[in-house]
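Colleague: Compute the structure for the input listed below.
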Amino acid sequence: MGNLGWTEILLIAMVLLLFFGAKKIPDIAQGLGKGIREFKKATREIEEDTDSIPPKVKEKNKES
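Modeller: Residues are numbered from 1 along each chain as shown. Here you go, the predicted structure:
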């Protein structure tokens, strides 16, 4: 996939505006932002959990 140019972005914005209406777009963007935040939070928590596992336990699990 290539980069999107300004023409393509403008076209997508116009289609979204027509499809959802001007009042719904901020709600959709807010929901998308919350979803991304929750995903990042869950990813961070998983990384913290795996970092807290002692190295010997990690090696033992790889062998099994």
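Colleague: Pull the distance from the helix or strand where Leu32 lies to the chain's centre.
Modeller: Using DSSP states H and E, Leu32 sits within helix 25-51. In terms of C-alpha atoms, centre = their mean, to the nearest Å, the centre of helix 25-51 is found 6 Å from the chain centre.
Colleague: which helices and strands sit right next to it?
Modeller: helix 6-20 (3 or more C-beta pairs under 8 Å, 6 or more residues apart in numbering; DSSP states H and E). Every residue, glycine included, has its C-beta placed from N, CA and C.
Colleague: between the helix it packs on and helix 25-51, how many degrees?
Modeller: 110 degrees (axes from the mean of the first three to the mean of the last three C-alpha atoms, to 10 degrees).
Colleague: How about residues contacting helix 6-20?
Modeller: 4, 25, 28 (C-beta atoms under 8 Å, 6 or more residues apart in numbering).
Colleague: at 7 Å what do you get?
Modeller: 25, 28 (C-beta atoms under 7 Å, 6 or more residues apart in numbering).
Colleague: Noted, bye for now.
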